[in-house]
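**Q** 3D, please:
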Amino acid sequence: MKMKQLRFLLSLVSSESEYQRDQALQAERTAKRLGIAVQIVYAERDAITQSQQLLSVIQSKTTHKPDAIIFEPVGETGMPKSFPEISLLKQAGRS
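**A** Reported below is the predicted structural model:
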């Protein structure tokens, strides 16, 4: 029986940053080596855009949802309001 291919979503701050582009490249290389799928999205330095991108994936009805979401928050102010779970993790000292 073939195992399901794991899928990851990586949300980065900006495609204009050389550091961020390198992170994306390393994620793609690692995913290929491990046989997993990775989708990379860029928020272009906008916390609202990032929140909308992540909510769109989370609320999607598609069968190809990621198994995990990895993200670098654009800013401290946007994420806790959009994702109350993150605020709870911060309060508990887990993020």
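
**Q** for residue 68, grab phi and psi.
**A** Backbone torsions for residue 68, taken as degrees, to the nearest 10, come to phi -150, psi 150.

**Q** residues touching the closest residue to it other than its chain neighbours, list them.
**A** Distances taken as CB to CB, 6 or more residues apart in numbering place residue 8 nearest to residue 68, at 5.2 Å, with adjacent residues excluded. In this view, the C-beta of every residue, glycine as well, is placed from N, C-alpha and C. Contacts for residue 8 (CB atoms under 8 Å, 6 or more residues apart in numbering) come out as 27, 31, 36, 37, 38, 39, 66, 67, 68, 69, 70.

**Q** so what does residue 8 have for phi and psi?
**A** Per-residue torsions, residue 8: phi -120, psi 150 (degrees, to the nearest 10).

**Q** look up how far residue 45 lies from it.
**A** For residue 8, the distance to residue 45 (CB to CB, to the nearest Å) stands at 22 Å.

**Q** same question for residue 7.
**A** Counting by CB to CB, the gap from residue 7 to residue 45 is 26 Å.

**Q** next: residue 75.
**A** Separation of residue 75 from residue 45 (CB to CB) stands at 9 Å.

**Q** could you point out which element follows the host helix or strand of residue 9?
**A** Under the criterion of DSSP states H and E, residue 9 resides in strand 7-12. Following strand 7-12 in sequence order, the next helix or strand is helix 18-34 (DSSP H and E).
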